[in-house]
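Student: next input, structure requested:
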Amino acid sequence: MTTSDHDLPDPTVADRAVPDRELRDAPTPVDDLHPHVPEADERGSILAALRSPRRLRTEVLAGLVVALALIPEAISFSIIAGVDPRVGLFASFTMAVSIAFLGGRPAMISAATGAIALVVAPVVRDHGLDHLIATVILGGILQVVLGLLGVARLMRFIPRSVMIGFVNALAILIFLAQLPHLTGVPWVVYPLVALGIAVMVFLPRLTTAVPAPLVAIVGLTLITVLAAVVVPTVGDEGELPRSLPALVVPDVPFTLETLQIIAPYALTMALVGLLESLLTAKLVDDVTDTHSNKTRESWGQGAANIITGFFGGMGGCAMIGQTMINVKVSGARTRISTFLAGVFLLALVVGAGDLVAIIPMAALVAVMIMVSVATFDWHSVQIGTLRRMPRSETLVMLTTVVVTVATHNLAYGVFAGVTAAMVAFARRVAHLTEVTRIDQVDDDVRVYRVTGELFFASSNDLVYQFNYNDDPKNVVIDMSQAHIWDASTVAALDAIQQKYASKGKTATILHLNDDSARRHELLAGRLGAGH
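Tutor: Okay, the predicted model is just below:
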């Protein structure tokens, strides 16, 4: 049950989450870089959970379910990265525990991920484990620096359609990642998976006292053990560690050559990790109807990766699937569940490895299938929604989905989606620009009024909107209802004035607003031919 880079929710408990329909219909809020809820309130929430047996039980069981789901994931990602399973498992432990204290989004799960595994795999293949550890540490340092520089502000430039495409693509990737565990396996695996799904669909209708995924995992394990059914298990995915992680320092030469080797991978890891983590935090904000500190989450991810590197881990970032299991499926809301997910993970693989090894993969596949179904934004593909939605918005969403699924790389998908959104926006706004010829009150003066936002896409055709041959000697261009945004527009206005000048006529630009006037004064006549 490997997921590519990420992971996500379970649909059966949508009634326990914040109303998804309302969230999907509402516009995505601009991310606030600062928490709307004071830290004192967050501490109060943790204390309230500790004082309430019911809430504490929810947090504890959520952490346990996430830990069980993390084990095969971490092992699979270790294989992708080309390292021993313990490297991925230790990374998941240190990331989860560290981010529980350092992160800016309570209840979000960070661990080893497929996206990071894909980035660092060439380092391991070409240079070995020590260079991997050095890469993870440097990547963490870069994340801290980027976080402190305010990289979280870039989140406001990710449109809602890209977010929806990102979520839908992850749902598809999660489902596709389960297919290897459903091919070439004994036939009994299929009814076991179906039974697990049925438990998670119908049990919440009877009781929510215990998370349905945990019941499914325990129940299917008991069935396979008591009936002596031979099916693929967690133990078949790789050997579990028998000892605790130890502090290590990478055995690499501290030279410029080493930096040249690891720096490109470290930067890529930092950017991909931050992008995934900030998108995950934004998604959890929507699901829980709360706000998080994205700046703290950015440098917190970096600090967690530095700690992970010094404990021999492969690095990681936020995991959407496991986070949704924690928040949406199990109902967790505090850092307690995140911390316990890491603690339970270590306790299970080191202290109870023999028991964890016999869990059938069918149980975890069933959990992740439910997660993928809950992750997908079904409202976004309903006929009514598609009819109401502008075609450009649908195109942006589909672009994000297709590129993410095709490349198994979130960064590529989001970049493609944002680029498509920018092009669509520029194309829409460009058509809102208009040049109107005002009724002539003086035979010697012609007045044109320019209306709209003027930038590279809308101003390129501006030069063709004037009658240079037939206009009188004096032309006035009224800019009172227009705004100049870039050098392309200034260059276009220069070209218009030059064309009139070549015919012995004068074009005067009037009524610029203050911002446009400053830009025009700074650049007019100084751009040169071709600019």
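
Student: just give me the longest helix of the chain.
Tutor: helix 256-288 (DSSP state H).

Student: what lies in contact with the helix or strand hosting Leu195?
Tutor: Per DSSP states H and E: Leu195 is located in helix 189-206. Contact with helix 189-206 is made by 10, 12-13, 15-16, 181-182, 212-213, 215-217, 219-220, 223-224, 229, 231-232, 360-363, 365-367, 369-370, as judged by C-beta atoms under 8 Å, 6 or more residues apart in numbering. For glycine as for every other residue, the C-beta is placed from the backbone atoms N, C-alpha and C.

Student: the longest helix of the chain: how far from the chain's middle?
Tutor: 10 Å (C-alpha atoms, centre = their mean, to the nearest Å).

Student: dump the C-alpha coordinates for the strand or helix carrying Leu146 into PDB.
Tutor: Taking DSSP H and E as the definition, Leu146 sits inside helix 129-148. Extracted C-alpha coordinates of helix 129-148, given in PDB (Å, rounded to 0.1, in the frame of the first residue of the first chain):
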ATOM      1  CA  LEU A 129      23.900   6.700   2.700                       C
ATOM      2  CA  ASP A 130      26.200   9.300   4.200                       C
ATOM      3  CA  HIS A 131      25.700  11.700   1.400                       C
ATOM      4  CA  LEU A 132      21.900  11.100   1.800                       C
ATOM      5  CA  ILE A 133      22.100  12.100   5.500                       C
ATOM      6  CA  ALA A 134      24.100  15.200   4.600                       C
ATOM      7  CA  THR A 135      21.600  16.100   1.900                       C
ATOM      8  CA  VAL A 136      18.700  15.800   4.400                       C
ATOM      9  CA  ILE A 137      20.500  18.000   6.900                       C
ATOM     10  CA  LEU A 138      21.300  20.700   4.300                       C
ATOM     11  CA  GLY A 139      17.700  20.400   3.000                       C
ATOM     12  CA  GLY A 140      16.400  21.100   6.500                       C
ATOM     13  CA  ILE A 141      18.700  24.100   6.900                       C
ATOM     14  CA  LEU A 142      17.400  25.500   3.600                       C
ATOM     15  CA  GLN A 143      13.800  25.000   4.700                       C
ATOM     16  CA  VAL A 144      14.500  26.900   7.900                       C
ATOM     17  CA  VAL A 145      16.000  29.800   5.900                       C
ATOM     18  CA  LEU A 146      13.200  29.800   3.400                       C
ATOM     19  CA  GLY A 147      10.700  29.700   6.200                       C
ATOM     20  CA  LEU A 148      12.200  32.700   8.000                       C
END
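
Student: please enumerate the strands of the stretch 51-200 of the chain.
Tutor: 110-111 (DSSP state E, counting those that start in this stretch).

Student: so which residues of it form helices?
Tutor: 53-81, 85-102, 114-127, 129-148, 160-178, 189-206 (DSSP state H, counting those that start in this stretch).

Student: elements contacting the longest one?
Tutor: Right, the one you point to is helix 53-81. helix 39-51, helix 85-102, strand 110-111, helix 114-127, helix 212-226, helix 320-324, helix 335-346, helix 361-375 (3 or more C-beta pairs under 8 Å, 6 or more residues apart in numbering; DSSP states H and E).

Student: one more time with 7 Å, if that's ok
Tutor: helix 39-51, helix 85-102, helix 114-127, helix 212-226, helix 320-324, helix 335-346, helix 361-375 (3 or more C-beta pairs under 7 Å, 6 or more residues apart in numbering; DSSP states H and E).

Student: flag every buried residue along it.
Tutor: 55, 58-81 (16 or more other C-beta atoms under 10 Å).

Student: what's the answer for stretch 397-410, then?
Tutor: Met397, Leu398, Thr399, Thr400, Val401, Val402, Val403, Thr404, Val405, His408, Asn409, Leu410.

Student: state the number of residues packed around the closest residue to the fourth one other than its chain neighbours.
Tutor: Meaning Thr400. Take Thr400 and drop its neighbours on the chain: the residue closest to it by C-beta to C-beta, 6 or more residues apart in numbering is Gly165, 2.8 Å away. When neighbours are defined as other C-beta atoms under 10 Å, Gly165 has 32 of them.

Student: pLDDT weak spots in the stretch 401-531 of the chain?
Tutor: Applying pLDDT under 70 to the stretch 401-531 of the chain picks out residues 441, 528-531.

Student: tell me where it has helices.
Tutor: 410-430, 456-459, 487-502, 514-523.

Student: quick one on the thing from earlier: most neighbours per residue, which of the helices and strands packed on helix 53-81?
Tutor: helix 320-324 (a mean of 31; mean count of other C-beta atoms under 10 Å).

Student: just how off-centre is stretch 374-388 within its chain?
Tutor: With C-alpha atoms, centre = their mean, you get 20 Å for stretch 374-388.

Student: what of stretch 234-244?
Tutor: 30 Å.

Student: looking at it now, give me its mean pLDDT.
Tutor: Stretch 234-244 comes out with an average pLDDT of 81.

Student: can you check stretch 101-117 too?
Tutor: On average, stretch 101-117 scores 90.

Student: measure it end to end?
Tutor: End-to-end span of stretch 101-117 (C-alpha to C-alpha, to the nearest Å): 24 Å.

Student: over to stretch 423-440?
Tutor: 38 Å.

Student: for that stretch, buried residues please.
Tutor: Buried residues in stretch 423-440 (16+ other C-beta under 10 Å): Ala424, Val429, Ala430, Thr433, Val435.

Student: wait, Ala411 sits on Leu275?
Tutor: Yes - using C-beta atoms under 7 Å, Ala411 is in contact with Leu275, at 5.7 Å.

Student: so which of the two has more stuff around it?
Tutor: Leu275 (23 against 20).

Student: quick one: residues contacting that one.
Tutor: Leu410, Ala411, Val414 (C-beta atoms under 7 Å, 6 or more residues apart in numbering).

Student: which SS class is Val210?
Tutor: coil (DSSP: H, G, I helix; E, B strand; the rest coil).

Student: hmm, who's touching the helix or strand just after the longest helix of the chain?
Tutor: Using DSSP H and E, the helix or strand that follows helix 256-288 in sequence is helix 294-310. Applying C-beta under 7 Å, 6+ apart, the contact partners of helix 294-310 are 31, 33, 91, 94-95, 98-99, 102-105, 110, 133, 136-137, 139-141, 143-144, 146-148, 150-152, 155, 247-248, 273-274, 277-278, 281, 315-317.
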